[in-house]
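Trainee: structure for this input, please:
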Amino acid sequence: MAENEQIKHDLLLNIKRLEGILERIDKFCHSYDQEKTNASVTVLKIKSAMENLRDVIPQMSNDVESIDKEINDEKD
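Mentor: Numbers count the residues shown, from 1 in each chain. A predicted model of the protein is given here:
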């Protein structure tokens with residue numbers, strides 16, 4: 001059960017991380033609209049944020065699988 005609580009905690013942290021990444025993308029887009037900054041710089045920042053998403057999503061999937069496995073083990 002303690003492992004389950006840790007996994008839930010990790011998932012919540014990853015959700016916060018995803019929210020932060022999406023907020024940064026929104027800021028990049030807003031700055032581009034407001035200041036007409038260099039489009040290539042904005043694209044690079046968005047690509048970097050997307051790379052962070054690619055790091056977090058598989059970890060979240062693994063955490064969910066771990067919870068599912070633990071639930072199934074308890075049922076058996």
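Trainee: centre of the chain to the helix or strand hosting N72, how far?
Mentor: Here N72, judged by DSSP states H and E, is contained in helix 39-75. Between the centre of helix 39-75 and the centre of its chain there are 5 Å (C-alpha atoms, centre = their mean, to the nearest Å).
Trainee: quick one: buried residues of it?
Mentor: Across helix 39-75, burial judged by 16 or more other C-beta atoms under 10 Å covers 42, 45, 49, 60, 63, 66. (Glycine included, C-beta is placed from N, CA and C.)
Trainee: so which of those is the closest to I21?
Mentor: If you rank the buried residues of helix 39-75 by distance to I21 using C-beta to C-beta, A49 comes first, at 5.0 Å.
Trainee: pLDDT below threshold where in this protein?
Mentor: Within the chain, the ranges that satisfy pLDDT under 70 run 1, 35-37.
Trainee: in terms of helix, strand or coil, where does the residue nearest to the spatial centre of the chain fall?
Mentor: Among the residues of the chain, the one closest to the centroid is L18, at 3.1 Å (C-alpha atoms, centre = their mean). The three-state assignment at L18 reads helix, by DSSP: H, G, I helix; E, B strand; the rest coil.
Trainee: and the gap between it and K27?
Mentor: Using C-beta to C-beta, to the nearest Å, one gets 15 Å for the distance from L18 to K27.
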